[in-house]
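K.L.:
Sequence first, then the predicted structure:
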Amino acid sequence: MAEFLSLHDAVARYVEDGATVAMEGFTHLIPFAAGHEVIRQRKRDLTLIRMTPDLVYDQLIGAGCAKKLIFSWGGNPGVGSLHRLRDAVEKGWPHKVEIFEHSHAAMACAFEAGAAGLPLAVLRGYVGSELPSVNDQIKFIECPFTGERLAAVPSVRPDVSLVHAQKADRKGNVLVEGIIGVQKEAILAAGKSIVTVEEIVDDLEAGPNACVIPGWAIDAIAVAEKGAYPSYAHGYYPRNNRFYKEWDTIARDRDTFQTWLDENVFNAGGQAQ
Amino acid sequence: MAEFLSLHDAVARYVEDGATVAMEGFTHLIPFAAGHEVIRQRKRDLTLIRMTPDLVYDQLIGAGCAKKLIFSWGGNPGVGSLHRLRDAVEKGWPHKVEIFEHSHAAMACAFEAGAAGLPLAVLRGYVGSELPSVNDQIKFIECPFTGERLAAVPSVRPDVSLVHAQKADRKGNVLVEGIIGVQKEAILAAGKSIVTVEEIVDDLEAGPNACVIPGWAIDAIAVAEKGAYPSYAHGYYPRNNRFYKEWDTIARDRDTFQTWLDENVFNAGGQAQ
Amino acid sequence: MSIEYTSAEMMTVTAAKALENGMTCFVGIGLPSEAANLARLTHAPDVVLIYESGTLQTKPDVLPLSIGDGELCESALTTVSVPEMFRYWLQGGKIDVGFLGTAQIDRYCNLNTTLIGDYQAPKVRLPGGGGAPEIATCAGEVFITLKHSKRTFVDQVDFITTLGFGRDGKARDGVPNIGRGPTRVITDLCVMKPDPETRELVVVSLHPGVTVEQVQDATGWEIRFAEQLDTTPMPSANELDVLRDLKARTERKHAGEA
Amino acid sequence: MSIEYTSAEMMTVTAAKALENGMTCFVGIGLPSEAANLARLTHAPDVVLIYESGTLQTKPDVLPLSIGDGELCESALTTVSVPEMFRYWLQGGKIDVGFLGTAQIDRYCNLNTTLIGDYQAPKVRLPGGGGAPEIATCAGEVFITLKHSKRTFVDQVDFITTLGFGRDGKARDGVPNIGRGPTRVITDLCVMKPDPETRELVVVSLHPGVTVEQVQDATGWEIRFAEQLDTTPMPSANELDVLRDLKARTERKHAGEA
């Protein structure tokens, strides 16, 4: 049953050093506030899972929180590289990060399979790609009915998932609306889940088939206004595309990044950038 | 791209003798009008797929349309038996129907896999059940990551699916709302699809994540007012529970059934009961 | 003050009491649905009722006739597709208890809803498995409720549609990711639980006024009785009032339909 | 009347023309998105644009910076989850054409968006596969658009992220349930198609004013030219107007953001 906690307390309670952590949100509703809280609490040796690492994981990796990264597309969307991710992979700064690389289709299916309680996802994937030669988590099975060779990947079952959503009601039921990505799957696949929301409301005002996650399937809810900023929250605020472009300059240089991190995360209380 | 046709023309064009046909709608939005049109056109040797055969397949089976039945729960919900189904299975009237029996979980996953273009569905299913001993479509595979034994069933990929929905817009985009069952999956898994709707509207007025099926993923749309009656259409009319109870008497006796069929289907133009 | 009640009411009230507040319960139609809703309307207001039609956390005002009545959707927190229901919510391990009825049950709690007789030439063809086979293995535990008779309580079910503990009581042993299985069976005569070692059903409590002989006469095998045989608590006046109101509302609603 | 345009505009307009009205197109971000939206705003008003973020049949007024801008959802027919997008819509066979960009492409149309150099010690780490590996195999066919240079057109890609026709041109042969693969590559210099037999890329059309030598100089292998080498039609005034308006709107929108 969802407990209403401060973001500080939720992260302190559920995110342990060495944990496998998924922070999801596909371009939309990226949990920046939660990510920054993880950085502030100096969590270490995390295995970070995310389809599109985006700026939030660039920041976590640059801040030294990550040991491994499981992902499928690691760029700054529409801008270019994630320089902190590249610096870690190419030069080992602040330390080496091991990467397990998938395609989106495989990651999406792996989240789906995790939510479905299965150990593996099966897809028609990776045909002719060389990714299976560098990621031993990709295997192939044979369909017992048709003989077709299909890809299999382990399901995603994080120790803890952190997602951001528009709102929760007073029972802790959460509405996610717009581009819903794999957020529901991330919550349901995880051992523990933290959901940050823009606000708590009396009534979610959701349609009959809206993406609503019951409070009893969530562990902690924390209010984090503008908690997805500089990504966006449909119905609340737009994406700050300018910051995404500026990030290219900030993240390119280790010192500039460190300064940004100090000013906007470590010395920023519980606020997202 | 969806074409607007009369129900007569849609069924005449897309439902062939010997075809594999899914008519879906989980208690809600059962495509009775479409089923009756199939009966009126005296289609034969159909392989009928449906999680819950319900009255609509009792009628099709009693009318002699079916050769095989793939299903997971064959009762009159809350009332008792489907007497026409039993008469066919137990006594071969009007002729023998071969049955392939699953659990709901397996059927639901098989529809999902069909929509996903896969040849098989994998689930943690049938553990300890004797259904695999009487249905050779149920096999088991071993997870290459954990060694766990999991069930596998062939995906559902009907030649044609028939479903009922609340409304379509003028481009043929369809809204399904309320208990959405496996309708989207039935349409996407099928070679051809026919959707009957209560009405055509200018604007579906659907939320951002509503269950909307684009017109280009549908072959034919036919207006059939009260097309789900005596089941129901959320927002239009309630389930006729009394008729479901009365069906027990109608269907128990071959002659009573024949009379009902003549009066309510064969001599009823394009109208549902 | 003496309270009058029927054996059917006794069964429903007892089944309802098995549910604890806050549990997530995957509800079968019929008796389980009646008991689960009574629980919600009495001691367990926050019990979460889930029907396989996709309705999550539903609070119907009247009992549904079918597993997918409109009432279930209208009063639900949200409604998901049937594949999602079985994949994410049931197989995904979100269900504390599955609440099932059955046509036949045997001494190892195996359930038969497929057929009487031989599969290829059935004497009676029953509806089939529906959600039960995976509810019984994926839910944390399973409660079963049905009327007690020699026709329903048989030594060996004709067909194991849904696993209790197998023909030998050991079918769950060593199986990964499987629920505890049936933990209690509630009938109009008594409450039974599987023996912790052998998994054979044992009567642990007789309903008021019911004798050991009555239970034995209604059971198709020599059934065991616990050494410490309790008497099931009687229904309270409030429980009976709420149940009768619920059933009367249901009756009125369904009779009033076109 | 002489029409002035840049080689980038020539590329986008030509790429847009590849899309036919009514096609369902799975759109990559960047150049493919620009071309696909230009097609929608000119000759193909009913082209169906699908982005991997889950937005089905979207009609953005300005070009998205990311694959999941709010504009894409707000102007979509509906938005589905990312697993559903990849399972039902892409793998389910509902996509006529996948429209991709790439960092490297080779003579057999294999795409590399993973890295330059060795996988374990990369010289340059690129973003990775994203949706491309399965877009390229599950869509009916694939269009590719990118700027022409020796850096991007290499004899052998450093890494096959996404299958064209494999290292030997035969990797799709005999594979069940696979799309036709790349059917055309559009650059700022020319249009190429795979040879029907060998699958090697062949230049079929040069953009106006571009020479055979220019193409060869910008290609990292000895590229073949079709015997019947066409000249790509010039952009029309209307196409250029619509493209420039679109880009200006996009510029204003993104500059005006906080």
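P.N.:
Thanks, I have the structure now.

K.L.:
From now on I want contacts and neighbour counts done on CA atoms only, so please keep to that.
P.N.:
Noted.

K.L.:
Just give me the neighbour total for C:Pro176.
P.N.:
C:Pro176 has 9 neighbouring residues, counting by other C-alpha atoms under 10 Å in any protein chain shown.

K.L.:
So for it, what's the pLDDT?
P.N.:
Looking at C:Pro176, its pLDDT stands at 97.

K.L.:
That one contacts B:Glu148, correct?
P.N.:
Yes. With contact defined as C-alpha atoms under 8 Å, C:Pro176 counts as touching B:Glu148 (7.4 Å).

K.L.:
Centre of the chain to the helix or strand where C:Leu56 lies, how far?
P.N.:
Using DSSP states H and E, C:Leu56 maps to strand C:55-58. For strand C:55-58, the distance from its own C-alpha centre to the chain's C-alpha centre is 18 Å (C-alpha atoms, centre = their mean, to the nearest Å).

K.L.:
for the stretch 101-250 of chain A, what spans make up the strands?
P.N.:
Here the stretch 101-250 of chain A has its strands, by DSSP state E, counting those that start in this stretch, at A:120-123, A:139-142, A:149-154, A:160-169, A:174-176, A:192-201, A:211-213, A:220-223.

K.L.:
show me where pLDDT drops low in the stretch 1-150 of chain A?
P.N.:
Nowhere does the stretch 1-150 of chain A drop to pLDDT under 70.

K.L.:
Near chain B, which residues of it are found?
P.N.:
A:118-120, A:122-124, A:139, A:141, A:143-146 (C-alpha under 8 Å from any C-alpha of the partner chain).

K.L.:
returning to what we had before: which other residues reach the helix or strand following the strand holding C:Leu56?
P.N.:
The helix or strand immediately downstream of strand C:55-58 is helix C:70-74, counting by DSSP H and E. Here helix C:70-74 makes contact (C-alpha atoms under 8 Å, 6 or more residues apart in numbering or on different chains) with A:208, B:28, B:178-179, B:232, B:234, B:238-239, C:55, C:58-62, C:64, C:79.

K.L.:
ok, and of those, which contact chain D?
P.N.:
Okay, of the contacts of helix C:70-74, nothing touches chain D (C-alpha under 8 Å from any C-alpha).

K.L.:
Out of those, which end up buried?
P.N.:
Buried by 16 or more other C-alpha atoms under 10 Å in any protein chain shown: A:208, B:28, B:178-179, B:232, B:234, B:238-239, C:55, C:58-60, C:62, C:64, C:79, out of the contacts of helix C:70-74.

K.L.:
Mind giving me the packing neighbours of the helix ranked longest in chain C?
P.N.:
Longest helix of chain C, by residue count under DSSP state H: helix C:237-255. With contacts defined as 3 or more C-alpha pairs under 8 Å, 6 or more residues apart in numbering or on different chains; DSSP states H and E, helix C:237-255 has these neighbours: helix B:241-252, helix C:7-18, helix C:31-41.

K.L.:
Of all these, which one is nearest chain A?
P.N.:
helix C:31-41 (16.0 Å; C-alpha to the nearest C-alpha).

K.L.:
ok, C:Arg224 touching C:Ser205?
P.N.:
No. Using C-alpha under 8 Å, C:Arg224 is not in contact with C:Ser205, being 11.6 Å away.

K.L.:
any low-confidence regions in the stretch 151-273 of chain A?
P.N.:
Scanning the stretch 151-273 of chain A for pLDDT under 70 picks out A:269-273.

K.L.:
how about the residues of it that lie near chain C?
P.N.:
A:188-189, A:207-212, A:214, A:217.

K.L.:
if you set the cut-off to 6 Å instead, what comes out?
P.N.:
A:208-209 (C-alpha under 6 Å from any C-alpha of the partner chain).

K.L.:
Around the nearest residue in space to C:Glu20 that is not next to it in sequence, count how many other residues there are.
P.N.:
Sequence neighbours aside, C:Ala44 is the residue nearest to C:Glu20 in space, at 6.0 Å (criterion: C-alpha to C-alpha, 6 or more residues apart in numbering or on different chains). Look at C:Ala44: counted by other C-alpha under 10 Å, it has 19 neighbours.

K.L.:
and the gap between the residue lying closest to C:Thr58 once chain neighbours are set aside and C:Asp46?
P.N.:
Beyond its immediate neighbours in the sequence, the residue positioned closest to C:Thr58 (C-alpha to C-alpha, 6+ apart) is C:Ala76, lying 3.8 Å away. Using C-alpha to C-alpha, to the nearest Å, one gets 13 Å for the distance from C:Ala76 to C:Asp46.

K.L.:
hey, what's in contact with both of the two?
P.N.:
Contact with both C:Ala76 and C:Asp46 is made by no residue, according to C-alpha atoms under 6 Å, 6 or more residues apart in numbering or on different chains.

K.L.:
The two: which is more packed in?
P.N.:
Each of C:Ala76 and C:Asp46 has its neighbours counted (other C-alpha under 10 Å); C:Ala76 has more, 19 against 15.

K.L.:
I'd assumed C:Pro60 was in contact with the more buried one.
P.N.:
No. Judged on C-alpha atoms under 6 Å, C:Ala76 makes no contact with C:Pro60 at a distance of 8.0 Å.

K.L.:
those helices in the stretch 51-200 of chain C, which residues are they?
P.N.:
For the stretch 51-200 of chain C, the helices defined by DSSP state H, counting those that start in this stretch occupy C:70-74, C:82-84, C:132-138.

K.L.:
pretty sure A:Ala19 is touching A:Leu46, no?
P.N.:
Yes. A:Ala19 lies in contact with A:Leu46 (C-alpha under 6 Å); the separation is 5.2 Å.
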